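>>> can you look at this prediction? I've put the sequence above it.
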Amino acid sequence: MGVWWQGRPLRIFHPNARSFEVKDMDVKRFASDCAKTNCEAVVLNVGGFLAFYPSEIRYHHVNPILSGRDLIGEIIKEAHEIGIKILARYDFGNFRQDVFDDHPEWAMRSEDGSAVRVGEYYKACLLSGYINDGFGYQVMRESFTKYDLDGVHVNGNGFDNICYCETCRRGYGKPLPNSHGISGEKWHDYLEWRNDAFALVYKKYFDLLREFNSEAFIMKEMAGEEHSDWCQSSGQDFNKIKNSFSQLLCTSGSVPTEKETRFWQGITCDRIRGVGQIPIINVKSQIFDPMHFSLSMMPADEALLCSFQAIAHGAGLKLVPFGIPQFMSDPRIMPVINDTFAFMKRRQDVLDSTEFIEDMALVYPDKVILESHAVGSSIGKAVRLEFLGLYNALKAAHIPFGVISDSSLQACKLSKYKVVALTTGAYIGDEDAAQINEYVSQGGAVIVFEGAAPAQGCGFPDLLAEAVGIIASNKFRVIDYLAAADDAPGFNNNLPVKERARIVKARDNAEIVYYASAKAETIVVEDLPDKAQGTEPAVVVSKFGKGTGVYVATMIGERIIRIGHPDLSSMIRTLIFEKIGLQRRIVTNAPSLVDITLGRCSEGYVVHFVNCVAPSPLDAPIRLAPLSVKVKVSEEVRNVTVHRLYTDEKAEFELRDGHVDICLRDLESYAQIVIHTPKP
């Protein structure tokens, strides 16, 4: 039997116990209540800022409310007897005055040299002895020696932007960036160092814990994709930290951010899976949290939606209520947690064995965002919006796709994808351009969107230009809209963009499907002709070797995410299905906001349907019925089953022309369709 957490989505319960709940806790009841959630592991506050056990380590202040009680020891004993694993939560983010008096060097420092305060406490530098060998290692050694702990959850310690303490100055070995300005190259070097340092701190934690328990699990709370500023300022880089943790835990799902896009959990999961790790989504399911108003008043169905989307994208869940089950003030919370984990447990064989089918790869612009952050440019934000819009467009088309990073293209086997989509071409390096050129020439397809709105004079890699059928200039101009070519049937005319576009020429073997709109100082609506088409190509399709290249000269995803224009998404679908010729694996009448994922599993094929067709916060799902689903299969189909939160049933189906046709009688929040094929 393998390591309990390896390669599979987990069910983790994290009750944020309040002081009055800890004082006289009925440990047997607490363990029993945890078991009723159907979780497999529970997170407990163990140490760091405050110890929840009798500790002998200096500065490790024991919670006085315990009055000498060994609460952690009692809980571990009861939990292990009923098969629940215990993960110790450590919080080394802040420390008290007595620590600062003895070790002022442990504090994070502002540019003026002053210690960074958090209320009456001091913020610890990530590289300090407090978080590492001066205190943090000692706490972990003591607790793992004293107790049979199964793993660790580290609270959200990071760099929190730039620290000017002496430890960071020595660690970096060069002048730190400052408000007086520093070159982009030096900024880039610093950010790379900071990301490496972040990964190394937690890799050392992982190695330390393995000395006590070879199967120890470690995770740290990090930011989901909706909190990109948090990611950048803390030093979080999925590519660098993937080997520092057992699985990657990200907080995703809050009412304000869900209003921007309904796919945050899916995006976060896909990014993590793209670096070869298993995601865990941290859903803070409290309905009322007076400490964090942005998380307050989250209806139960909203928490369920976040959870289902995580499940559909291969993630485990860490569900976090405000308080322990016995004293939960809102009666809606525990049923959401219990029922979600019960479903995951019931469907564990399928969830554990799923390997996702990905016909396309959407490239996340990690390198561009890092470079942009280094020079204080807005390009990173623009290209990230391009990525988000393209993600939404591919979801609307119900195309099975994955996400890979532009910083790991050289390590990625592109040939496993039928289509690769780039959010920018201007910032692709020569080696990556050569790799993509070879991929297309051997039969792959690439779509390049000019999504970073580059500055005048910004070049374009020659080998990439060759693959997509253009001769690129270094000049740009603003275009009002895309005008469809006369001989481009199937494309809607006059698509609004109002963005800068690169001026290019199409190569001899290329087809122009859209032109940039004609130059005009002003446009009077009454005088606007049917096609005010310029001479400059804006969307080009080219055959190159055995493959196909597509070039889009301006930002499309950014327009989709900002204004949601469906014709722009329609153009992308037409390019993919008609011009590139990608075969549809899934054909359905489900709306564009139904999140669909497809994979192979121990039973055959699994298709997840998550109903995101509702505003945030979701007070009740909008029932969709009926939905037709056609899935491409390559084997005999024995039967089809549909699994919802509370029910399992057989579904009627027809097999014809290599597809299985299914009628999904209705869709409320979520449905899992399993297409059963003969087992090998």
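Structure received.
>>> next helix or strand past the longest helix seen in the chain?
With secondary structure taken from DSSP state H, the chain has its longest helix at helix 184-212. Of the helices and strands lying after helix 184-212 in sequence (DSSP states H and E), the nearest is strand 217-223.
>>> what's the weakest-modelled helix or strand in the chain?
Among the helices and strands of the chain, helix 255-258 carries the lowest confidence by mean pLDDT, DSSP states H and E, at a mean of 67.
>>> ok now the next helix or strand after that one, how far from the chain's centre?
Beyond helix 255-258 in the direction of the C-terminus, DSSP H and E gives the next helix or strand as helix 264-274. For helix 264-274, the distance from its own C-alpha centre to the chain's C-alpha centre is 3 Å (CA atoms, centre = their mean, to the nearest Å).
>>> and stretch 361-379, by the same measure?
Once both centres are worked out by CA atoms, centre = their mean, stretch 361-379 turns out to sit 16 Å from its chain's centre.
>>> which parts of the stretch 401-550 of the chain are strands?
Taking DSSP state E, counting those that start in this stretch as the criterion, the stretch 401-550 of the chain contains strands spanning 401-405, 419-422, 445-449, 470-484, 495-506, 510-517, 533-544, 547-552.
>>> which residues touch the residue nearest the centre of the chain?
Centroid-nearest residue in the chain: residue 268, 0.9 Å away (criterion: CA atoms, centre = their mean). By CB atoms under 8 Å, 6 or more residues apart in numbering, the contact set of residue 268 is 224-226, 250, 252, 279, 281. For the C-beta atoms, the positions are set from N, CA and C on the backbone; glycine is no exception.
>>> strands - which of those land there?
Counted as lying in strands by DSSP state E, out of these, are 250, 279, 281.
>>> can you redo the residues you listed as TSV with neighbour count?
Formatted as TSV, the entries for these read as follows, by neighbours: other CB atoms under 10 Å:
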residue	neighbour count
250	30
279	25
281	29
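>>> got TSV for those residues, with distance to residue 329 too?
Conversion of these to TSV gives the following (distance: CB to CB, whole Å):
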residue	distance to residue 329
250	27
279	30
281	24
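>>> out of the residues you listed, which one sits closest to residue 637?
Using CB to CB, residue 279 is the member of the ones in strands among the contacts of residue 268 that sits closest to residue 637, with 30.1 Å.
>>> quick check, that closest one in contact with residue 269.
Yes. Applying CB atoms under 8 Å, one finds residue 279 in contact with residue 269, separated by 4.4 Å.
>>> ok so, going back, what sits against the closest residue to the residue nearest to the centre of the chain other than its chain neighbours?
The shortest distance from residue 268 to any non-neighbouring residue, by CB to CB, 6 or more residues apart in numbering, is to residue 224 (4.2 Å). With contacts defined as CB under 8 Å, 6+ apart, the neighbours of residue 224 are 250-253, 264-265, 267-268, 281.
>>> check those residues and tell me the two furthest apart.
Top of the distance list for the contacts of residue 224 (CB to CB): 251 and 267, 13.5 Å.
>>> picking that back up, so what's the gap between the longest helix of the chain and the chain middle?
Using CA atoms, centre = their mean, we find the averaged C-alpha position of helix 184-212 to lie 20 Å away from the chain's own average C-alpha position.
>>> buried residues in it, which are they?
187-191, 193-195, 197-199, 201-203, 205-206, 208-209 (16 or more other CB atoms under 10 Å).
>>> tell me what that helix is packed against?
Counting contacts by 3 or more CB pairs under 8 Å, 6 or more residues apart in numbering; DSSP states H and E, helix 184-212 is packed against helix 136-146, strand 151-154, helix 166-172, strand 217-223, helix 238-241, helix 366-375.
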